[in-house]
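Got a predicted structure plus its sequence, pasted below:
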Amino acid sequence: MQPETLSRRVLLGAALGTAATTACAQVPRPAPELVVYKTPTCGCCTAWVDRMRAAGFSARIIEQPDLAPIRKAQGVMDTLAACHTALINGYALEGHVPAEDVRRLLVDRPVAIGLAVPAMPLGSPGMEMPDGRRQPFETLLMLRGGATRVFARHG
């Protein structure tokens with residue numbers, strides 16, 4: 001076998017191997033769509049949606065005068081209620097939940113109702129202050145039966 005033929009075979013094999021590897025590589029899928037329920041007058045809810053879109057999520061907003069029926073249908077306790085409720089991939093998100101927490105929820109897939117950031121803390125996504133003030137806050141994992149546990153701490 002001549003060196004020229006060997007080089008062509010090696011090159012062809014490398015090219016086919018690269019093509020096969022590329023074809024089998026996982027292509028990142030877009031994040032599932034958020035369905036966000038908010039009241040028509042809530043500006044911080046719109047700001048949260050903007051932050052989530054900037055983080056790569058798509059979002060559809062549904063304006064409702066009263067979110068209590070949505071929360072109740074999803075099993076969100078009144079004590080965790082905030083200014084908006086979002087649904088994503090079988091989970092409820094209550095309040096200003098950070099995008100990184102939503103990503104982790106979708107990867108870990110815990111048996112839970114979803115995540116909540118009650119009380120609209122200053123500095124949470126959509127609640128940023130012009131002077132940069134921030135309140136430490138926790139993202140809570142909402143469990144079936146009404147219990148919660150800390151999912152993440154911020155600030």
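It's in.

So, low pLDDT: which residues of the chain?
For the chain, the stretches with pLDDT under 70 are 1-31.

Show me where it has its strands.
Along the chain, counting by DSSP state E, strands occupy 34-38, 59-63, 84-88, 91-95, 114-117, 137-142, 148-154.

Save the ones you listed as JSON lines, and put in mean neighbour count too.
From N, CA and C alone the C-beta is placed, and that goes for glycine too. Shown next, in JSON lines, are those (neighbours: other C-beta atoms under 10 Å):
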{"stretch": "strand 34-38", "mean neighbour count": "20"}
{"stretch": "strand 59-63", "mean neighbour count": "13"}
{"stretch": "strand 84-88", "mean neighbour count": "25"}
{"stretch": "strand 91-95", "mean neighbour count": "26"}
{"stretch": "strand 114-117", "mean neighbour count": "27"}
{"stretch": "strand 137-142", "mean neighbour count": "22"}
{"stretch": "strand 148-154", "mean neighbour count": "15"}
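
Of all those strands, which one is nearest C44?
Nearest to C44, of all the strands of the chain, is strand 84-88, at 8.3 Å by C-beta to C-beta.

Provide a list of residues in contact with A81.
Applying C-beta atoms under 8 Å, 6 or more residues apart in numbering to A81 gives the contacts L67, A68, R71, E94, P118.

Using JSON lines, lay out the residues you listed together with distance to L140.
Below are those laid out as JSON lines (distance: C-beta to C-beta, whole Å):
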{"residue": "L67", "distance to L140": "18"}
{"residue": "A68", "distance to L140": "19"}
{"residue": "R71", "distance to L140": "14"}
{"residue": "E94", "distance to L140": "9"}
{"residue": "P118", "distance to L140": "7"}
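
Just the buried residues from those residues, in ChimeraX please.
Listed next is the ChimeraX selection for buried residues among those, using 16 or more other C-beta atoms under 10 Å:
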select :67,71,94,118
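
of the contacts of A81, closest to P40?
L67 (11.4 Å).

How about the contacts made by the residue nearest the centre of the chain?
Residue closest to the average C-alpha location in the chain (C-alpha atoms, centre = their mean): V102, at 3.0 Å. Shown in contact with V102 (C-beta under 8 Å, 6+ apart): M52, F57, I88, L93, L115.
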